[in-house]
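Asks: kindly return the folded structure for what I paste below:
(one chain, ligands or ions: 1)
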Amino acid sequence: MPAARTVLITGGAGGIGRAIGAAFAQGGDSVVLADLDGAEEAAKPLGGRGIRLDITDETAISAALDEVGPVDVLVNNAGLLSVHGRLLDLPGADLLRILSTNVHGTFLMTQLVARRMVERGEPGVVVNLSSIGGRQPTPGMGGYESSKAAVDALTRWAAIELAEHGIRVNAVAPGPVATPMLAAAMPPGSPAHDAWVARIPDGRMAAVEDVAAAVVFLASPAAAHITGTSLPVDGGQLLT
Ligand SMILES: NC(=O)c1ccc[n+]([C@@H]2O[C@H](COP(=O)([O-])OP(=O)(O)OC[C@H]3O[C@@H](n4cnc5c(N)ncnc54)[C@H](O)[C@@H]3O)[C@@H](O)[C@H]2O)c1
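Replies: Below you'll find the model as predicted:
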């Protein structure tokens, strides 16, 4: 039985974050969920820890990492995905808000966790949550999509520089995921739901478990020779 790793998951109270936490806990790892709100409640059923954290606040991240102790696996899952608008309409301040969480926050978490891994001289793993939207546009979603294209670049940047320290960095890039929030916003059978599904060759949205399984794989020794990639979990949507 391999030793339990400490896995820190940002946005851990959200739909995908909870599923990622459950998948690592099921594999015997120690899970720490971090979120603006609700992390403690989300961590309880996993036998894990929940902490309040804003990933855009550098001082708060340092304090949280001091409290959590050594992290073996960082999952940068926190993201802002509800702010959208077409190019001619989106307020510039909204674009900055998206980039601040999805890009700057992911950068800060990666930098501060990786510094500690390097100082300890221990290998480590980072898995980022990207989106196939970073590679395939949908009208009205370009601000979010730009942030995820940047997450893919950040993944490659971190991977090439951290490889010499034994730290692997990859991303998982889902298409639309049937989280409770999304299911409420566009229930199966609604025109919005059906329009999304019509773009997916295998005929369904991703389940949160599909995404969690890919994250767990990329964090596992089975992926020991994989770094710098962004793995689509999209039922073939990028093929269309
Ligand atoms: N749901 C989808 O269809 C989908 C598709 C592709 C990629 N993704 C990505 O997956 C990740 C998780 O998405 P989700 O669907 O579970 O969304 P969600 O909104 O349910 O979860 C996101 C979580 O991030 C947290 N968060 C936001 N800003 C934060 C901050 N500054 N500090 C700490 N936590 C913060 C939120 O509180 C929330 O709990 C996101 O990065 C998203 O972009 C989602």
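Asks: the longest helix anywhere in the chain packs against which elements?
Replies: Longest helix in the chain, counting residues (DSSP state H): helix 142-162. In terms of contacts (3 or more CB pairs under 8 Å, 6 or more residues apart in numbering; DSSP states H and E), helix 142-162 is packed against helix 92-99, helix 106-120, strand 124-129, strand 167-174, strand 230-233. C-beta: built from backbone N, CA, C; applies to glycine.
Asks: relative to residue 141, which of those is closest?
Replies: Smallest distance to residue 141 across the helices and strands packed on helix 142-162 (CB to CB): 10.4 Å, for helix 92-99.
Asks: the ligand contacts on the chain?
Replies: Taking CB under 6 Å from any ligand atom, the part of the chain that reaches the ligand is made up of 10-11, 13-17, 35-36, 53-56, 77-81, 101, 105, 129, 131, 174, 176-177, 179, 181-182.
Asks: skipping its backbone neighbours, what lies nearest residue 71 in space?
Replies: residue 8 (4.7 Å; CB to CB, 6 or more residues apart in numbering).
Asks: need the next SSE after the helix or strand of the chain with the lowest mean pLDDT, C-terminal direction.
Replies: Taking mean pLDDT, DSSP states H and E as the measure, the chain has helix 180-185 as its least confident helix or strand, at a mean of 90. Next along the chain after helix 180-185, taking DSSP states H and E as the criterion, comes helix 191-197.
Asks: before we move on, the earlier item: and the residue nearest to residue 71, backbone torsions?
Replies: Dihedral pair for residue 8: phi -100, psi 120, per degrees, to the nearest 10.
Asks: use 28 as the first number for this chain going forward.
Replies: Understood, numbering begins at 28; the last thing we discussed is residue 35.
Asks: so what's it bridging to?
Replies: On the basis of DSSP bridges, residue 35 is bridged to residue 59, residue 101.
Asks: ok, it - contacts?
Replies: Going by CB atoms under 8 Å, 6 or more residues apart in numbering, residue 35 touches 59, 61, 95, 98, 100-102, 140.
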